[in-house]
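S.K.: structure of the sequence below:
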Amino acid sequence: MKRIFLWLAAALIACALVWLWAARNGREGEGLRLYGNVDIRQVDLAFRVPGKIATVLVDEGDTVRAGDVLAELDAQPYKDALAKAKAERDAAMASMNKYRAGFRAEDIAQARAEVAQLQAQVENADRLARRRKDLLKDAAVSVEESESAAYSRDALRAQLLKARKALDLQLAGYRAEDVAAAEASYRSAQASVETAETDLADTRIVCPSDGRVLSRVREPGAVVAGAATVLVVAVDRPVWVRAYVPEPDLGRVRPGMPMLVFTDSRPDKPYAGSVGFISPTAEFTPKNVETQALRTDLVYRLRVIVENPDDGLRQGMPVTVRPAEGDAGGRKR
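M.R.: Next comes the predicted model:
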């Protein structure tokens, strides 16, 4: 009885080994098959500046091209701000040029004439003061008259000194610090103009790439804040498949490997693609991905870039991915 039991156990073990061998060979003979979903990049388009929407030029489902104007704000407030910034810039430029050029020749000529006039008055007052001083010796004038002439001469000399200093300042021009301050004011005003021009340009939504309008979120007349989504566009390229490869099959895929993408709607006309990315970290199989492995198996996310996508590929569509003919994804040994 014991011998019979041993024979039965050995037979069961042999059958199990044969089944495992057959299952393994059958799995390797099937070739690599991955499952995933189409992933199309979407862009939420918005105005960078706040305002009231004037026009929305596209509707859901419309095909758009890079550079197309899709929506516009009421731009009048931004035009007014730009005009004000330009006027302030022009005023700052005029001030800067004045400081750079120095005083006008007419101002300098006027200062010279004032110096000459005071010089003549000082010379005349000096002669008068000397004459009265001589007359004082002969008692021809009083002491008060002599001292008054001297005081008048000294006052005129002080005015002459002041006029000469003013002339020297005009000849030297403005201080370097004043010139630098005027130049800085001009640069600030110019930056304000550029900011106003940028704000005015941002009153239009320009399509960044070819694609199709998915959603029209806001309508004309709505007042929107900056960065509030107005349109959602699905771009034509790139289109890729987000697929997952089980850990035992990780060695059968590589970056750049040519792949075929099959959809349920056209199983006999696959799309050509290639592996563009393989995640370096493992994760559990997402619940929306069906594979022949158990749900708890670890998988690695990869991206298959579709070479010539068309309208047959839609966001989230389930697909099957296989190696292209001639690259069966054989397991490395």
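
S.K.: what's the first helix or strand after the helix or strand in which Leu82 is found?
M.R.: Secondary-structure element containing Leu82, defined by DSSP states H and E: helix 76-101. Downstream of helix 76-101, the first helix or strand assigned by DSSP H and E is helix 105-137.

S.K.: now that next one: average pLDDT?
M.R.: Averaging pLDDT along helix 105-137 gives 79.

S.K.: rounded mean pLDDT for the following helix or strand past that helix, please.
M.R.: Counting by DSSP H and E, the next helix or strand C-terminal to helix 105-137 is helix 143-172. The average of the pLDDT scores along helix 143-172 is 79.

S.K.: now for helix 143-172, which elements pack on it?
M.R.: helix 105-137 (3 or more C-beta pairs under 8 Å, 6 or more residues apart in numbering; DSSP states H and E). Quick note: C-beta positions are derived from backbone N, CA and C, even for glycine.

S.K.: how far is the helix it packs on from where the chain is centred?
M.R.: Centre-to-centre, helix 105-137 and its host chain are 68 Å apart (C-alpha atoms, centre = their mean, to the nearest Å).

S.K.: pop the domain breakdown of the chain in here.
M.R.: 30-40+237-323, 43-75+200-233, 82-197 (automatic domain parsing).

S.K.: make JSON lines from those and add mean neighbour count to it.
M.R.: Below are these laid out as JSON lines (neighbours: other C-beta atoms under 10 Å):
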{"stretch": "domain 30-40+237-323", "mean neighbour count": "16"}
{"stretch": "domain 43-75+200-233", "mean neighbour count": "16"}
{"stretch": "domain 82-197", "mean neighbour count": "15"}
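
S.K.: what comes into contact with stretch 90-100?
M.R.: 174, 178-179, 182-183, 185-186, 188-190 (C-beta atoms under 8 Å, 6 or more residues apart in numbering).

S.K.: centroid-nearest residue for this protein?
M.R.: Arg48 (10.7 Å; C-alpha atoms, centre = their mean).

S.K.: wait, doesn't that residue sit right on Asp202?
M.R.: Yes - counting by C-beta atoms under 8 Å, Arg48 does reach Asp202; the two are 4.1 Å apart.

S.K.: and stretch 308-315, how far out from the chain middle?
M.R.: On C-alpha atoms, centre = their mean, the centre of stretch 308-315 falls 30 Å from the chain's centre.

S.K.: related to what we said a few turns ago, and the residue nearest to the centre of the chain, what are its phi and psi?
M.R.: Torsion angles at Arg48 (phi, psi; degrees, to the nearest 10) stand at phi -80, psi -20.
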